[in-house]
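Engineer: I would like the atomic coordinates for the input below:
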Amino acid sequence: MHSIKCDEDSAEAETTSMETFVKLRVNIGAGVSTYMTADLANGFIEKLEKISPNLNRSAVYSKTTKISRLPEYLAINFVRFQWKPVEKIKAKILKKVKFPMELDMAPLCIPELMQKLGPAKAYFKELDEAKAVAKVILYEFMHRKIRLIKVLKRKRAKRL
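Structural biologist: Here you go, the predicted model:
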């Protein structure tokens, strides 16, 4: 869902439109290292310049995008090229991009969809916590087993 609002004229009505997608284009941000989630969020807020019917001139607009329904599969395309106007060439961006192991799209969604995703997020959080507890228990069990084996080996060595 896109909403476009004029920054220079508060009297102008905000326009909204719906668009389906299965791929997101993400521009790689400036800086030494770049994070996929931050660049995704930055791509959902844009500044546009277009002719305002109320002002009869070019004006700056803010375009905000929110997701109202997630696709079953989501492809994320990193735009690794940028236009350099001074040199008038297309340059490739060679920066490293850091990816999360799990991508949480909830902050980019409309509030209604965030509420629908809430129970699933809570379930997965509980599942992750249970896995962490199971790892600790398994580690303690293996550590005790190793100590027991060492004790048994020492007793066997004393007998011989």
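Engineer: CA atoms for contacts and neighbours, from now on please.
Structural biologist: Noted.
Engineer: so what secondary structure elements neighbour the helix or strand bottoming out on mean pLDDT in the chain?
Structural biologist: Every helix and strand of the chain was ranked by mean pLDDT, DSSP states H and E. The lowest is strand 34-35, at a mean of 81. Counting contacts by 3 or more Cα pairs under 8 Å, 6 or more residues apart in numbering; DSSP states H and E, strand 34-35 packs against strand 97-98.
Engineer: The strand it packs on pairs with which strands, parallel or anti?
Structural biologist: strand 34-35 (parallel) (DSSP bridges).
Engineer: Can you give the contact residues for the partner strand?
Structural biologist: Residues from elsewhere that reach strand 34-35 (Cα atoms under 8 Å, 6 or more residues apart in numbering): I28, K95, K96, V97, K98, F99.
Engineer: Could you list the buried residues of the following helix or strand past that strand?
Structural biologist: The helix or strand immediately downstream of strand 34-35 is helix 36-43, counting by DSSP states H and E. For helix 36-43, burial by neighbour count (16 or more other Cα atoms under 10 Å) applies to M36, T37, D39, L40, G43.
Engineer: if we can go back for a sec, name the nearest of the contacts of strand 34-35 relative to V79.
Structural biologist: I28 (6.4 Å; Cα to Cα).
Engineer: Contact partners for that closest one?
Structural biologist: Counted by Cα under 8 Å, 6+ apart, I28 has contacts T34, D39, F78, V79, R80, I93, V97.
Engineer: Could the C-alpha coordinates of the strand or helix carrying A91 be exported in CSV?
Structural biologist: In this assignment (DSSP H and E), A91 forms part of strand 89-92. Extracted as CSV, the C-alpha positions of strand 89-92 are listed here (Å, rounded to 0.1, in the frame of the first residue of the first chain):
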residue,chain,number,x,y,z
ILE,A,89,28.5,6.5,-15.9
LYS,A,90,26.8,3.6,-14.1
ALA,A,91,29.0,2.4,-11.3
LYS,A,92,28.8,-1.0,-9.5
